[in-house]
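>>> Quick one, what's the 3D model for this:
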Amino acid sequence: LISSATKSLRMETEILEKKLQDAQMKLAEKDGDKEKEIQSLKRLISELEFQLTMEKSNNESFLDKLRKEIKHKSDELEKLTQERTQLIHSLSQVQEENSLLQDTVRRECEERFELTAALGRAREQVLELRRLSGT
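Presented below is the predicted three-dimensional model:
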């Protein structure tokens, strides 16, 4: 009876040990799979962090370019604004000078007209005097 019980316990122990070994193997496999998955996720995280760093770098570079371009355009605009102001000032001076010259020409034309009229009267007087002195 004892021998039979011992034999039965041994068989049950062997079965339990086999189940334990199987469970340990499955657990080891699962641990291995989890470790592989962890490593895979770590690689993915590293790749994504690298991509993020590259994107940040590219964005900063792009922003620097845009800032420089904006600065350049702003400087150009300021220069063009100054040139425009100078041109407006020059135009104003030229318009004043033109107006002054037009006034001068108008006055000279009036003087010429008056002188021409006076010369015509003087000729008439000379002709009248010649006619009178001739008679």
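>>> Distance of Lys68 relative to Leu77?
Noted for Lys68: a distance of 15 Å to Leu77, by CB to CB, to the nearest Å. For the C-beta atoms, the positions are set from N, CA and C on the backbone; glycine is no exception.
>>> can you check Thr13 too?
In terms of CB to CB, Thr13 sits 92 Å off from Leu77.
>>> ditto for Lys7
Taken as CB to CB, the span from Lys7 to Leu77 is 102 Å.
>>> Which helix or strand contains Ser3?
In this assignment (DSSP states H and E), Ser3 forms part of helix 2-134.
>>> which residues touch the spatially most central residue of the chain?
Ranked by distance to the mean C-alpha position of the chain (CA atoms, centre = their mean), the top residue is Leu66 at 4.5 Å. Going by CB atoms under 8 Å, 6 or more residues apart in numbering, Leu66 touches no other residue.
>>> That one and Lys79: what is the separation?
20 Å.
>>> next one: Phe113
Relative to Lys79, and taking CB to CB, Phe113 is found at 50 Å.
>>> now do Lys65
Lys65 is 21 Å from Lys79, by CB to CB.
>>> and what of Ile70?
15 Å.
>>> And for Phe62?
Phe62 is 26 Å from Lys79, by CB to CB.
>>> Alpha carbons of stretch 42-58, as CSV, please.
In CSV, the C-alpha atoms belonging to stretch 42-58 read as follows (Å, rounded to 0.1, in the frame of the first residue of the first chain):
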residue,chain,number,x,y,z
LYS,A,42,13.5,50.8,-27.6
ARG,A,43,14.9,50.8,-31.1
LEU,A,44,11.6,52.3,-32.4
ILE,A,45,11.8,55.0,-29.6
SER,A,46,15.4,55.7,-30.5
GLU,A,47,14.5,56.0,-34.2
LEU,A,48,11.6,58.3,-33.4
GLU,A,49,13.7,60.4,-31.1
PHE,A,50,16.3,60.7,-33.9
GLN,A,51,13.6,61.7,-36.4
LEU,A,52,12.3,64.2,-33.9
THR,A,53,15.7,65.7,-33.4
MET,A,54,16.2,65.9,-37.1
GLU,A,55,12.8,67.5,-37.6
LYS,A,56,13.6,70.0,-34.8
SER,A,57,16.9,70.8,-36.5
ASN,A,58,15.3,71.2,-39.9
